[in-house]
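1. only the shape, not the letters, is given here:
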């Protein structure tokens, strides 16, 4: 399957469908790796439904003046900076219709209000959407990063669309350590 929205001459990106069992095995392996690396992800399992395995990580990101951003993995730590802290909570779930893991997240202000999706779109570096020009770039963002109802918790949450995840992560890897 080719990802929707790619031009015929663009880099061909494929997503790999995984079974629920492969997802569960990968999550458990991921948790072991994270534990060894000092990363805090918390698993939540539903004994009645094996597809409802979810892992969660909380992080504080302080958006400074200009483009300076400081991150704090320990949400209990107090940022030294007096700029506005944003509280991120990341969820990885199994998306049944697409048969792939999916990244969901919330971004809230100190008053617990959600950061608007339009603000999140503004924070995406232009280099990540440079292959899409003008309105196509804006459309790509709306198709890639969107708001949905959490399939397990039934509350609003932001989602990286499963059919665009591979493309988006590939772009992030180009600019990330």
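-> Cool, the structure landed. Note that the structure is a prediction, hence the values are computed from the model and not measured.

2. strands of this protein, start to end?
-> Taking DSSP state E as the test, the strands found in the chain are 42-44, 54-63, 69-72, 85-95, 100-108, 145-149, 156-160.

3. and the nearest residue to residue 45 once chain neighbours are set aside, how far from residue 21?
-> With Cβ to Cβ, 6 or more residues apart in numbering as the measure, residue 53 is the residue that lies nearest to residue 45, at 5.1 Å, once sequence neighbours are left out. Just so you know, the C-beta spots here come from the backbone N, C-alpha and C atoms, and that holds for glycine as well. Relative to residue 21, residue 53 is positioned 11 Å away (Cβ to Cβ, to the nearest Å).

4. out of the two, which sits in the busier spot?
-> Neighbour count, other Cβ atoms under 10 Å: between residue 53 and residue 21, residue 53 has more, with 19 against 9.

5. who are the contact partners of that one?
-> For residue 53, the contacting residues are 23, 24, 27, 43, 44, 45, 46, 93, 94, taking Cβ atoms under 8 Å, 6 or more residues apart in numbering as the criterion.

6. so among those, which ones count as buried?
-> In these, burial by neighbour count holds for 23, 24, 27, 93, 94, counting by 16 or more other Cβ atoms under 10 Å.

7. can I get these in a markdown table including distance to residue 106 and pLDDT?
-> Formatted as a markdown table, the buried ones among the contacts of residue 53 follow (distance: Cβ to Cβ, whole Å; pLDDT from 0 to 100):
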| residue | distance to residue 106 | pLDDT |
| --- | --- | --- |
| 23 | 22 | 91 |
| 24 | 24 | 92 |
| 27 | 20 | 92 |
| 93 | 13 | 93 |
| 94 | 19 | 92 |
